Every structure is written in structure tokens, then in C-alpha cells.
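Trainee: Any chance you could fold what I've pasted below:
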Amino acid sequence: MQQGELRALREVLNDLLEGDALRHEAAPKIALADSMQLRAWIKSLIGGASPRQLFAEG
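Mentor: Next up, the predicted model:
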């Protein structure tokens, strides 16, 4: 069940990043994230954060 939840959260996050150039750079982080981190990123993106704010190194 947990694997299904992780897959669903990753799909939602990837959908939110659709068309963003940073999507491919974020992919490794997304693949390793747990459900709490994935939910936090999703909430941040929905709340207006940019993908660069969440995933850019620096």
C-alpha cells in the first residue's frame, strides 16, 4: 500500500512540474523522497513556490 501511495504522490508532483525545465534535475530527488517530503513539495508548489525554489541546488 505504501508503494502505491509513493507512486501516486510522485505522479502528482511530476504533473505539477510538467513543462518545467527543472523537472529532469528534480527527478532523482523525487525518486528518493518519502511520502512526507513529497507531500510538502506538492503543498509548496500549490501554494505558489517555484520548482527552482524547491529543487535547485545552491
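Trainee: switch to C-alpha atoms for all contacts and neighbour counts from now on
Mentor: Noted.
Trainee: Find the centremost residue of this protein, please.
Mentor: In the chain, the residue lying closest to the centroid (C-alpha atoms, centre = their mean) is residue 13, at 4.1 Å.
Trainee: can you pull the buried residues of the helix or strand harbouring that residue?
Mentor: Element membership of residue 13, judged by DSSP states H and E, is helix 2-16. Using 16 or more other C-alpha atoms under 10 Å as the test for burial, helix 2-16 gives 6, 9-10, 13-14, 16.
Trainee: try stretch 44-58
Mentor: 45, 51, 55.
Trainee: Between those residues, which sits nearest residue 32?
Mentor: The closest of the buried residues of stretch 44-58 to residue 32 turns out to be residue 55 (C-alpha to C-alpha; 12.9 Å).
Trainee: close enough to count as contact, the closest one and residue 26?
Mentor: Yes: counting by C-alpha atoms under 8 Å, residue 26 is a contact partner of residue 55 at 5.8 Å.
Trainee: shared neighbours of these two, anything?
Mentor: Residues touching both residue 55 and residue 26 (C-alpha atoms under 8 Å, 6 or more residues apart in numbering): there are none.
Trainee: Double-check the residue nearest to the centre of the chain against residue 40; I have them as touching.
Mentor: No: using C-alpha under 8 Å, residue 13 is not in contact with residue 40; the gap is 10.2 Å.
Trainee: pLDDT weak spots in the protein?
Mentor: 1, 57-58 (pLDDT under 70).
Trainee: could you pull out the strands for this protein?
Mentor: With strands called from DSSP state E, the chain shows none.
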